[in-house]
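> how would this look folded up:
(2 chains)
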Amino acid sequence: MSLTLLVEQILNGMQFGVTLFLTASGLTLVFGVMGLINLAHGSLFMVGAFAAAATAAATGSFLLALAASIAAAAAAGAIIEVGVIRRLYARDHLDQVLATFALILIFSEGTRWLFGSFPLYLSIPDALAGPVTLPGGIRYPLYRLMTIGVGLVIALGLYLLITRTRLGIRIRAGEADREIVAALGVDISRLYTVVFALGAALAGLAGALVGAIQSVQVGMGEPVLILAFVVIVIGGIGSIRGSLVGAILVGLTDTLGRFLLPGFFRLFMDNSAATSVGSALASMLIYVLMATILIWRPTGLYGARA
Amino acid sequence: MKTRNLLLAACAAALIAGSAAAEAVKVGMITTLSGGGASLGVAIRDGFMLAVKQAGAKDLEVIVEDDQRKPDIAVQLADRMIQSDKVDILTGIVWSNLAMAVVPAATAQGKFYISPNAGPSALAGKGCHKNYFNAAWQNDNLHEAAGAYANQAGYKKSFIMAPNYPAGVDALNGYKRFYKGELAGEVFTKLGQKDYASEIAQIRASGADSVFFFLPGGMGIAFLKQYAQSGVDIPLIGPAFSFDQDILQAVGDAALGVRNTSQWNKDLDNPANKAFVEAFVAEYGRLPSLYASQGYDTANLILSAMAKADVKDADAFRAALEAADFDSVRGAFKFGPNHHPIQNIYVREVIKEGDVYTNKTIGVALENHADAYAKDCKM
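A predicted model of the protein is given here:
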């Protein structure tokens, strides 16, 4: 194993983590501010990807496709917040899980009804295609580097939004005490719609960015949702900083685990046994990580609530 | 069409005799029509229904239900179809794990099961059953053909990769059964994994001269797109499952030139296939996929048996199925002793025809290929 391969795998882990952050940050925002478990978050990820694919097919522009993914997911988010989610804040988590699970089914079948059963085409623009050579002779896809950059910029933007703006103050206040904020004259239900649409827009953008190098198909959001939950539990529910750290931890653990574990077992096992034991263990690794962190810090890395 | 004429003749004879065709044959189709795997089930259903429509068979009733790719739902549907709907024949299941949940129970109750897709090794060897037929392939077949093709192409150092689940393990074993060179690496990915950056980095570092991968559906789309972006240009080989007509459009240029193995392609030169492709395009407005061809053949197999025997006479109907007296769209087709196909498996290359990505047949990987489990089957 060479050093360049290791560095490349670390970059891969970073990139995976950053895309996870985009989905997880919206989820943690919604859960932190509104106390709502939104299983349909993965569906908003899918909405973003489909909107991007349809726009790219119609216009040929990747930038327009990204804009469309943000707009479509934010609109879908705002609609379901006003139509469905709003009725769930006062209910317990079981009702929220049931209702948002129903939304997953509605979104999936609705998307199939609109776009058909077959996967859609969405590819990266030519300007970002192909690999670039990094210092040290590492050849790395340009698009993945750009994804890391976009993710970090959005992380910074969210941080500034939450800590430096009036909206951010309201979001933090709403998280702390909903009634008092309402009593102080803030339109809390509009605030919730805005936060929900913001979370949805982030998920939609992630769907478009990821859809361009993966596959745009019905059901693409569900696996992402599970990982996003792992990330926010590790990071501490409600914490944007936690979701960034959690996402990068999960990305690195998963990528390096898949890469290093089979090799580790090969030191004292025959090849095919090492491959299967290593792969099996690697796929559990992020859950082991989650359990370990929860033992050490039951509220997650940056979790405030007990 | 021969089948059609036969069938009409059979119907006419039955009407005159006024006896045998009193009741319609009922076929229960359990397949995946919603969720992520729906494109396969839709293709199988469309192919099947096209054959039924072409035959104009009044004495064949098809009940189609969606299993949502869930074994428990497939089992419930099968129970209901057998007990309430009183079907004679079951078919349609796409996935091996669902087939394992449904097929043994259905055949034990005396029903016929004709598989249009899944061919798990457990049902081809010791677990074979006289009422179970597979009209597509045994799971290992296309992977074995990929191994054989790698030898033909002179590859000596393959990197091989599949998801870590039973069909993935079968895939790598199938490849290794025929491939004679050494392995540059062997990797099991997570089932449903969509990011292959880590594996691609390993491929780059491995010094392989070829990459064999089995990543069906969305996993394959993701891998191919990322592989094309990585700048690694080691040739890829795979079974047809990542290159079927319905997903190639989503992969685009990234799939161009990739060699893949299949028992069928739209350019196979036989009259049945030409008629099928033409009729499919006319009916559905898209080119048929490999799964659609399997659905179509499954229906024609059933229709051919119906023309010869009454389904209530299980022994006669079974003998009629075993004869496989229909014009398969893949050309020569017959059943081996374990009711799995003996057929040619071809090598195809992904090309672009106008705006459409599709496959071109470029050679034969294995001729009259039978599966490796037939010898364990005692029925």
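> what sits up against stretch A:134-149?
A:3-4, A:7-8, A:11-12, A:14-15, A:18-19, A:124, A:128-133, A:209, A:212-213, B:197, B:204, B:226, B:229-231 (C-beta atoms under 8 Å, 6 or more residues apart in numbering or on different chains). All C-beta atoms are positioned from the backbone trio N, CA, C, and that covers glycine.
> is the nearest residue to residue B:81 once chain neighbours are set aside in a bridge, and if so with what?
In this structure, residue B:81 finds its nearest non-sequential neighbour in residue B:28, 3.6 Å apart by C-beta to C-beta, 6 or more residues apart in numbering or on different chains. Beta-bridge pairing of residue B:28 under DSSP bridges involves residue B:63, residue B:90.
> Any figure for the gap between the closest residue to residue B:235 other than its chain neighbours and chain A?
In space, and not counting its chain neighbours, residue B:235 is closest to residue B:210: 5.4 Å by C-beta to C-beta, 6+ apart. Look at residue B:210 and chain A: by C-beta to the nearest C-beta, to the nearest Å, they are 18 Å apart.
> Identify the residues contacting stretch B:165-172?
Counting by C-beta under 8 Å, 6+ apart, A:276, B:96-97, B:120-121, B:139-140, B:143, B:160, B:162, B:186, B:188-189, B:191, B:214, B:239 sit against stretch B:165-172.
> what about the closest residue to chain A within the stretch 1-150 of chain B, which SS state?
In the stretch 1-150 of chain B, the residue that lies nearest chain A is residue B:36 (3.2 Å; C-beta to the nearest C-beta). Using DSSP: H, G, I helix; E, B strand; the rest coil, the structure places residue B:36 in coil.
> re earlier: and the residue nearest to residue B:235, what is it in contact with?
B:150, B:153, B:155, B:157, B:158, B:159, B:234, B:235, B:236, B:237.
> re the thing from before, of the contacts of stretch A:134-149, just the buried ones, PyMOL syntax please.
Filtering these down to the buried ones (16 or more other C-beta atoms under 10 Å in any protein chain shown) takes a single PyMOL command:
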select buried, (chain A and resi 4+7+8+11+12+14+15+18+19+124+128+131+209+212+213) or (chain B and resi 197+204+226+229+230+231)
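> So how do I select the buried members of the contacts of stretch B:165-172 in PyMOL?
Entered in PyMOL, the line below selects the buried ones among the contacts of stretch B:165-172, by 16+ other C-beta under 10 Å:
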select buried, (chain A and resi 276) or (chain B and resi 96+97+120+121+139+140+143+160+162+186+188+189+191+214+239)
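> mind listing which of the contacts of stretch B:165-172 are in strands?
B:160, B:162, B:186, B:188, B:189, B:239 (DSSP state E).
> related to what we said a few turns ago, show the pLDDT at the residue nearest to residue B:235.
With respect to pLDDT, residue B:210 scores 96.
> Ramachandran coordinates for it?
phi -160, psi 150 (degrees, to the nearest 10).
> For beta bridges, what are the partners of it?
With DSSP bridges as the rule, residue B:210 is bridged to residue B:158.
> SS state for residue B:155?
coil.
> Now for it: which residues touch it?
B:179, B:181, B:209, B:210, B:235, B:237.
> Which of those are buried, as a PyMOL select command?
The following PyMOL line selects those of these that are buried, judged by 16+ other C-beta under 10 Å:
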select buried, chain B and resi 179+181+209+210+237
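> Looking at the contacts of residue B:155, which is nearest residue B:114?
residue B:237 (29.9 Å; C-beta to C-beta).
> okay, whichever strand or helix holds the closest one in PDB with CA atoms only?
Assessed by DSSP states H and E, residue B:237 sits inside strand B:236-239. Coordinates of each C-alpha in strand B:236-239 appear next as PDB, following Å, rounded to 0.1, in the frame of the first residue of the first chain:
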ATOM      1  CA  LEU B 236     -14.300  -3.500 -17.800                       C
ATOM      2  CA  ILE B 237     -16.200  -6.700 -18.100                       C
ATOM      3  CA  GLY B 238     -19.600  -7.500 -16.600                       C
ATOM      4  CA  PRO B 239     -22.800  -9.400 -16.900                       C
END
